[in-house]
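K.L.:
from the sequence below, what's the structure:
(2 chains)
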Amino acid sequence: MFNSPAFRKKTVPLFAMISPVTAWLVLLIAAPLVYILIISFCTTNESHNIVFHFTLRNYARLFDPTILGIYTNSLIVAVLTTVVCILIAYPFGYIMASTSPFKKTLMMIFLMLPFWTNSLIRLYSWRVLLGKNGYINDFLIYIGLIDAPIEMMFTRGAVILGMVYTLLPFMVLPVYTVIDKLDNSLIEASKDLGAGFWQTFRNITLPLTVPGIFAGSIMVFIPALGYFFVSDLMGGGNNQIIGNVISRQFKEAYNWPFGAALSIMLIVITLICVKLYTRSGGKLDELGTV
Amino acid sequence: MKKVFLSCLILAAIVSVFSFTACSKSGKNGEVNLFIWTEYIPDSVIKEFEKETGIKVNMATYSSNEDLLAKVKGSNSGIYDIVVPSDYMVKMMIEENLLEAIDAKSLENFKNIDPAYTNRTFDPGNKFSVPYMAGVAALAVNKSKVSEKITSFSQLFNPKYENSVEVLDDYRAVIGAVAKSLGYSFNTTNDAQLDKIDAAVQALKPNIKLRDSDSPKTAMLNGETIIGYMWNAEIAISIQEKPEEIEIVFPQEGCYLFIDNLAVLKGAKNLENAKKFISFILRPEISKKISEEYPYTNPNKAAVALLPDSYKNNPASNVPSEVFEKGEFIKDIGSKVERYDLIWTKFTK
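P.N.:
From the prediction side, this is the model:
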């Protein structure tokens, strides 16, 4: 069999082509996931080493009111982040799709340019703007709008602002793609039939661009559950999300099994979101092509 | 065009290979691999050691004791020779059989270390470790905005400091301070005490504006917070910048102490060079150079004698030794870490 021409001509090149990808997926994605799954059923001993002794306790601990509270907080932050992203990204994508190619490129550059700077530095600069003695407060006091500085940093609002700021392009790109692909003759037809802007928007544009909003929502919502550094920097550690708890289990708390159980829970939530997305007609390809 | 691209690629490959070999090239008297905290040893000190001994120093850095432990356990022995674990981590590493017994007392220049820092509980008799730098977590107080005299952790609970206190993002330091304010130990594992600590930690919450370990002085200096629980080196820098505003307070209950120590890993390939390096660091004039760059508390009393009055008379950098006698080290609390973590999770929600 190994000497047959068909094997040499077809199977060998095929293996040569796919094995690097397969090796990549197995070694760097599947193996760590399996490891996380296994240790989530383990315990730790007094000197904090992982012991392979089957237990469901790590999963039972997920239902501790404190942990559930953190999951709730994470979900609130992620949902609000997604909503704000949609509200900003949709008009942005709409304008971008209907403008001249030159302006389109310009808008794309302005959207992507900040990404060439490290996100931690960009988040730190918000502190300079929003701080108690930051520029925004100074300005508002200067023009006499307020008497005392407003507390803007280290609040839930600041966390959401940081999340939106970090994740906005992931919403703009898929939304822009669908609006750009929209068949203009449909809009023209609607206008010919006497519909105004809002009627056309409600009945034609929005329904046809919903897949883009869905795809963007998935790509904003899921990272928003886990971006613990945003909550650290903008929330000052006051508004912790589930990512903070997970990261602590793998570091100071020496509790890898519990951290693994928390991660598995997060993966399950993610899978549910993706399932809802595909159920509602979304295509997995569209999550990857933007 | 293709050719140009190809030759660029080849050139890049050659350069990278060359620089790799340049990095790992050892000096004429071999090499030593140092694994140390970021921003903890000046380059000039490393250069001087290389010049004097002909031993090449390869340095890698970490930013927490837990990172250090994970990296040491996760890599082959012999990658690192010298590490700089803190007190409790020395103990954990000894228990896990990761450190080489170098009998530090017998090293040249060990006598320069102040006895207040040697022979402590984490390494009795200093069989494995040599104090490198030390410090305490204390309170920075903005005296222009805080009218009363702060002397104790218990004052942090006062409702008039609502949303204006900052603490380290370090669960042991903060829960320990609350334990101290109730009269317990930093390392209590008593459940009844932990219940009370839990309630007190949650009661402190409305006063906490920020938890930050990376650069706690920033919020203090720009007026975001008026009392800050942070490392003394950060307070020393804050005082330097705003001497008329910031002062240091060592709470009367006793402070969280740390001593970072030089130690050699088991299986180190360059044991003798590592010992030479440690002896070199212990020299007063070398240790003085390190303190000039990084204002931690220097346990090397011969080096302190050489330092200027601005260091010696500043309690935030040269922490008084009675603070060190009264304070407590963090110890491993075994499975109670889960309880501490839960208290902290509730606190940060």
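
K.L.:
spatially nearest residue to A:Asp64 (excluding sequence neighbours)?
P.N.:
Counting by Cβ to Cβ, 6 or more residues apart in numbering or on different chains, A:Asp64 lies nearest to B:Leu342, which is 7.2 Å off, once chain neighbours are set aside. (C-beta placed from N, C-alpha, C; glycine too.)

K.L.:
surely that neighbour meets A:Thr66?
P.N.:
Yes - counting by Cβ atoms under 8 Å, A:Thr66 is a contact partner of B:Leu342 at 6.2 Å.

K.L.:
ok so, going back, so the residue nearest to A:Asp64 is in which element?
P.N.:
For B:Leu342, the enclosing helix or strand under DSSP states H and E is helix B:337-348.

K.L.:
how about that helix as CSV, C-alpha atoms only?
P.N.:
Extracted in CSV, the C-alpha atoms of helix B:337-348 (Å, rounded to 0.1, in the frame of the first residue of the first chain):
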residue,chain,number,x,y,z
VAL,B,337,-5.5,29.6,51.2
GLU,B,338,-8.9,28.7,49.8
ARG,B,339,-10.7,30.6,52.6
TYR,B,340,-8.4,33.6,52.1
ASP,B,341,-9.0,33.6,48.4
LEU,B,342,-12.8,33.5,49.0
ILE,B,343,-12.6,36.5,51.4
TRP,B,344,-10.6,38.3,48.8
THR,B,345,-12.9,37.5,46.0
LYS,B,346,-15.8,38.8,48.0
PHE,B,347,-13.8,42.0,48.7
THR,B,348,-13.0,42.6,45.1
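
K.L.:
state the mean pLDDT of that helix.
P.N.:
Per-residue pLDDT values over helix B:337-348 give a mean of 94.

K.L.:
try stretch A:47-57
P.N.:
Stretch A:47-57 comes out at a mean pLDDT of 91.

K.L.:
need the contact list for B:Glu338.
P.N.:
B:Glu338 is in contact with A:Ala253, A:Asn255, A:Phe258, counting by Cβ atoms under 8 Å, 6 or more residues apart in numbering or on different chains.

K.L.:
chain B: which of these is nearest?
P.N.:
Nearest to chain B out of these is A:Ala253 (Cβ to the nearest Cβ; 4.2 Å).

K.L.:
look up how far B:Tyr117 lies from the spatially closest residue to the closest one that is not a sequence neighbour.
P.N.:
Spatial nearest neighbour of A:Ala253, chain neighbours left out: B:Asp341 (4.2 Å); criterion: Cβ to Cβ, 6+ apart. Distance of B:Asp341 to B:Tyr117, given as Cβ to Cβ, to the nearest Å: 30 Å.

K.L.:
the more surrounded of those two?
P.N.:
B:Tyr117 (23 against 20; other Cβ atoms under 10 Å in any protein chain shown).

K.L.:
quick check, pLDDT for A:Ile18.
P.N.:
A:Ile18 carries a pLDDT value of 82.

K.L.:
does it sit in a helix or strand, and which one?
P.N.:
Secondary structure from DSSP H and E places A:Ile18 in helix A:12-25.

K.L.:
off-centre distance for that helix?
P.N.:
30 Å (Cα atoms, centre = their mean, to the nearest Å).

K.L.:
just checking, next helix/strand downstream of that helix?
P.N.:
Under the assignment DSSP H and E, the closest C-terminal helix or strand after helix A:12-25 is helix A:31-39.

K.L.:
report the buried residues of that following helix.
P.N.:
Buried residues in helix A:31-39, counting neighbours by 16 or more other Cβ atoms under 10 Å in any protein chain shown, are found at A:Ile36, A:Ile39.

K.L.:
who does the very next helix or strand once past it pair up with?
P.N.:
Next helix or strand after helix A:31-39 toward the C-terminus (DSSP H and E): strand A:43-44. Sheet pairing here is set by DSSP bridges, and for strand A:43-44 it gives strand A:50-51 (antiparallel).

K.L.:
can you map out the strands along chain B?
P.N.:
Applying DSSP state E to chain B gives strands spanning B:31-37, B:56-62, B:82-83, B:129-142, B:165-167, B:208-211, B:227-231, B:246-249, B:256-264, B:328-329.

K.L.:
the closest residue to A:Ser247 other than its chain neighbours and chain B, how far apart?
P.N.:
Using Cβ to Cβ, 6+ apart and skipping the chain neighbours, the partner closest in space to A:Ser247 is A:Phe228 (5.4 Å). Counting by Cβ to the nearest Cβ, to the nearest Å, the gap from A:Phe228 to chain B is 11 Å.

K.L.:
right, and A:Phe228 touches A:Gly237 too?
P.N.:
No - using Cβ under 8 Å, A:Phe228 makes no contact with A:Gly237, being 9.9 Å away.

K.L.:
and these two? which has more neighbours close in?
P.N.:
Between A:Phe228 and A:Gly237, A:Gly237 has the larger neighbour count (other Cβ under 10 Å), namely 24 against 20.

K.L.:
quick one: residues contacting that one.
P.N.:
Contact analysis of A:Gly237 by Cβ under 8 Å, 6+ apart lists A:Ser231, A:Asn244, B:Asp169, B:Leu210, B:Arg211, B:Asp212, B:Thr348.

K.L.:
where does the nearest residue in space to the last one that is not next to it in sequence sit: helix, strand or coil?
P.N.:
Spelled out, that is B:Thr348. In space, B:Thr348 comes closest to A:Gln240 once its chain neighbours are excluded; the distance is 4.4 Å by Cβ to Cβ, 6+ apart. Counting by DSSP: H, G, I helix; E, B strand; the rest coil, the backbone at A:Gln240 sits in coil.

K.L.:
for the residue of chain A found nearest chain B, which non-adjacent residue is closest in space?
P.N.:
Nearest to chain B, among the residues of chain A, is A:Gly237, at 3.2 Å (Cβ to the nearest Cβ). Nearest residue to A:Gly237 in three dimensions, chain neighbours excluded: B:Arg211, at 3.2 Å (Cβ to Cβ, 6+ apart).
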